[in-house]
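1. have a look at this prediction, sequence included:
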Amino acid sequence: MSAISVEGLTKAYGDVVATDALTFDVEEGEVFGYLGPNGAGKTTTIRLLLGFQSPSAGRARVLGADVSDPAALRDAKRRLGYLPGDPAFDGSITGAEFLDYQGALKGESRREELLDLFRPPLDRKIREYSTGNRQMLGIVQAFMHDPDLVVMDEPTSGLDPVKQARFHEFVRDESDRGVTVFLSSHALGEVQRVCDRVGIIRDGRLVALEAVADLRGRGGKRVDLHVDGDVERDALTGVDGVSDVSLFDGGAQFTYTGEYDALLDLLAAYDVADLTIEDPPLEDVFLRFYGEREEP
């Protein structure tokens with residue numbers, strides 16, 4: 001049985017369609033990335049899955065429970081963890097008091113283990129927390145009752161790079177234990193690092209379901225090259241995997257989807273002054289590979 005099963009799930013607000021006939025499954029033990037730009041419909045999908053909103057059409061099941069059946073969904077939520085995109089904490093209480101309350105509601109068998117990893121300042125009032133500390137507190141509460149499924153909306157928002165890396169490693173370890181993770185993000189690099197498979201949503205519609213390896217091959221890398229001298233366009237466009245070339249005095253910027261050995265051979269022909277290789281902007285990936293309204 002799939003941990004999440006969605007069929008034709010639609011949410012409309014009058015003439016505005018937030019999610020349009022979504023259909024996908026998330027398998028047990030899978031880290032599933034739900035990827036799209038801000039406003040694409042990611043958060044609306046999560047609200048539908050958790051029963052916070054009712055669908056206009058279609059259906060969904062979470063841990064076997066129909067999201068339109070409040071009693072069944074309530075039972076399923078005992079095995080579910082949730083981290084919203086902007087956690088709304090009571091700022092007048094301390095982090096410890098918040099976790100005490102959450103533990104009394106749903107259990108806290110893994111609380112100390114998680115606090116060793118993420119370490120929010122429990123003795124301080126939550127109103128004094130930084131964005132990163134609020135996020136770490138939210139991560140602890142989402143996992144501390146040892147759920148079978150965890151749904152997270154932009155989970156690394158506000159975390160520094162060290163904490164992000166720690167979180168990514170933790171998520172992969174949880175998947176190895178059999179925990180299912182549904183992770184919404186607009187960060188292409190994050191999804192590539194931790195997910196097994198991704199659903200890509202644009203303007204409320206699912207435009208692709210892909211294995212991360214396939215997505216990585218499509219997205220490639222954005223290369224920003226600075227050299228002593230100039231770069232000839234033909235020298236770049238003649239290499240397999242090079243596209244979207246933009247030249248400037250003393251360098252070039254381009255997208256690369258080929259083998260890294262070939263890229264190194266290309267770079268070896270220049271006296272490189274500076275080099276940046278990073279994930280391309282997510283919107284560039286959408287426009288290049290999925291188009292404005294491409295069907296799944």
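-> Structure's in. What do you need?
2. quick one, helices of the stretch 51-200 of the chain?
-> Taking DSSP state H, counting those that start in this stretch to define them, one finds helices in the stretch 51-200 of the chain at 70-77, 95-106, 111-118, 131-143, 161-176, 188-194.
3. just name the most buried of the ones you listed.
-> Of all the helices of the stretch 51-200 of the chain, helix 131-143 carries the top mean neighbour count, a mean of 23, counting by mean count of other CB atoms under 10 Å. Just so you know, the C-beta spots here come from the backbone N, C-alpha and C atoms, and that holds for glycine as well.
4. what about that helix, distance to the chain center?
-> For helix 131-143, the gap between its own C-alpha mean and the chain's C-alpha mean amounts to 16 Å (CA atoms, centre = their mean, to the nearest Å).
5. any idea of the mean pLDDT in it?
-> What helix 131-143 shows for mean pLDDT is 96.
6. same deal with stretch 50-58?
-> Mean predicted lDDT for stretch 50-58 stands at 96.
7. that one: end-to-end distance?
-> Chord length of stretch 50-58, first to last residue, is 15 Å (CA to CA, to the nearest Å).
8. likewise stretch 204-224?
-> For stretch 204-224, the first-to-last residue distance is 33 Å (CA to CA).
9. if you count neighbours, what's buried in that stretch?
-> Judged by neighbour count using 16 or more other CB atoms under 10 Å, the buried positions of stretch 204-224 are 204-208, 210, 212, 215-216, 219-223.
10. dump the helices of the stretch 51-200 of the chain into TSV; add distance to residue 239 as well.
-> Conversion of the helices of the stretch 51-200 of the chain to TSV gives the following (distance: least, CB to CB, whole Å):
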stretch	distance to residue 239
helix 70-77	52
helix 95-106	52
helix 111-118	43
helix 131-143	41
helix 161-176	31
helix 188-194	23
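11. any idea which of these gets closest to residue 84?
-> Across the helices of the stretch 51-200 of the chain, the minimum distance to residue 84, taken as CB to CB, is reached by helix 131-143, at 7.5 Å.
12. any idea of the angle that closest one forms with helix 95-106?
-> Relative orientation of helix 131-143 versus helix 95-106 (axes from the mean of the first three to the mean of the last three CA atoms, to 10 degrees): 20 degrees.
13. only the C-alpha atoms, please, for helix 131-143, written as PDB.
-> Output of helix 131-143 as PDB, limited to C-alpha atoms (Å, rounded to 0.1, in the frame of the first residue of the first chain):
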ATOM      1  CA  THR A 131      14.300  31.600  12.200                       C
ATOM      2  CA  GLY A 132      16.700  28.700  12.200                       C
ATOM      3  CA  ASN A 133      16.000  27.900  15.900                       C
ATOM      4  CA  ARG A 134      12.300  27.900  15.200                       C
ATOM      5  CA  GLN A 135      12.800  25.600  12.300                       C
ATOM      6  CA  MET A 136      14.900  23.200  14.400                       C
ATOM      7  CA  LEU A 137      12.200  23.100  17.100                       C
ATOM      8  CA  GLY A 138       9.700  22.300  14.400                       C
ATOM      9  CA  ILE A 139      11.800  19.400  13.100                       C
ATOM     10  CA  VAL A 140      12.100  17.900  16.500                       C
ATOM     11  CA  GLN A 141       8.400  18.000  17.100                       C
ATOM     12  CA  ALA A 142       7.600  16.500  13.700                       C
ATOM     13  CA  PHE A 143       9.800  13.400  14.300                       C
END
